[in-house]
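S.K.: Need coordinates for the following:
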Amino acid sequence: MAFLFRPLLKSNNDLIEKLTNAGIIKHNEIRDAMLAVDRGDFISFNSYQDNAQPIGHNATISAPHMHAYALEYLHDVLRPGSYVLDIGSGSGYLTTVMAHLVGAKGHVTGIDHIFELSAMAANNVNKHHAYLLETKRLQFVTGDGREGYAPHAPYDAIHVGAALSPAMVETICKQLKNGGKLVAP
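M.R.: Okay, the predicted model is just below:
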């Protein structure tokens with residue numbers, strides 16, 4: 001879908017409008033949450049282009065259309081009060097959007113195996129969404145995401161931003177609530 005957005009987009013609003021007009025974002029809740037979290041706070045160059053961008057440490061922030069597809073797939077379980085795990089949280093962008101969707105009674109944990117990425121994610125969130133960390137609605141931890149993150153399990157939703165082995169799928173699925181959803185590449 002990256003072909004839809006070749007012109008340089010200048011704002012988060014332009015990006016979300018393009019994703020909505022292309023039919024990728026279907027639900028108002030997803031659109032509103034993505035509008036509330038400016039991608040420019042999480043990547044400093046080509047922030048609004050619909051392609052993956054490097055964020056350091058051999059990691060990337062996924063293309064915005066991939067984030068939108070993941071959020072749409074998880075839409076029915078990303079509701080107020082939900083508990084969510086984001087494995088490979090990287091810059092913290094998608095994790096922060098999810099925190100907006102789960103509301104004040106929900107909780108989102110982002111886990112990354114690289115400390116510097118977890119620290120960068122928290123710094124990115126602190127730019128305009130510090131209250132999410134202060135209220136513990138959102139947290140970033142450094143650890144082996146291949147094992148999930150048991151302290152807040154079971155989860156309504158688990159997003160994985162990297163490839164999974166069959167053994168990893170089995171381990172992570174044990175941390176889902178009945179009726180929960182896992183989305184992974």
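
S.K.: residues in contact with residue 121?
M.R.: The contact partners of residue 121, by CB atoms under 8 Å, 6 or more residues apart in numbering, come to 89, 90, 91, 92, 95, 110, 112, 140. Placement of C-beta: from N, CA and C, glycine included.

S.K.: Just the ones of the residues you listed in strands?
M.R.: 110, 112, 140 (DSSP state E).

S.K.: What mean pLDDT does the top strand by length along the chain get?
M.R.: In terms of residue count, the longest strand belonging to the chain (DSSP E) is strand 176-183. For strand 176-183, mean pLDDT is 97.

S.K.: Run through the protein and note the low-pLDDT ranges.
M.R.: The chain contains residues with pLDDT under 70 at 1-7.

S.K.: All the strands of it, residue numbers only.
M.R.: Under DSSP E, the chain gives strands at 53-56, 59-61, 83-87, 107-112, 138-142, 155-160, 176-183.

S.K.: can you put the ones you listed in JSON lines and add distance to residue 8 and mean neighbour count?
M.R.: Below are the strands of the chain laid out as JSON lines (distance: least, CB to CB, whole Å; neighbours: other CB atoms under 10 Å):
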{"stretch": "strand 53-56", "distance to residue 8": "13", "mean neighbour count": "16"}
{"stretch": "strand 59-61", "distance to residue 8": "17", "mean neighbour count": "19"}
{"stretch": "strand 83-87", "distance to residue 8": "28", "mean neighbour count": "27"}
{"stretch": "strand 107-112", "distance to residue 8": "29", "mean neighbour count": "26"}
{"stretch": "strand 138-142", "distance to residue 8": "30", "mean neighbour count": "21"}
{"stretch": "strand 155-160", "distance to residue 8": "28", "mean neighbour count": "25"}
{"stretch": "strand 176-183", "distance to residue 8": "29", "mean neighbour count": "15"}
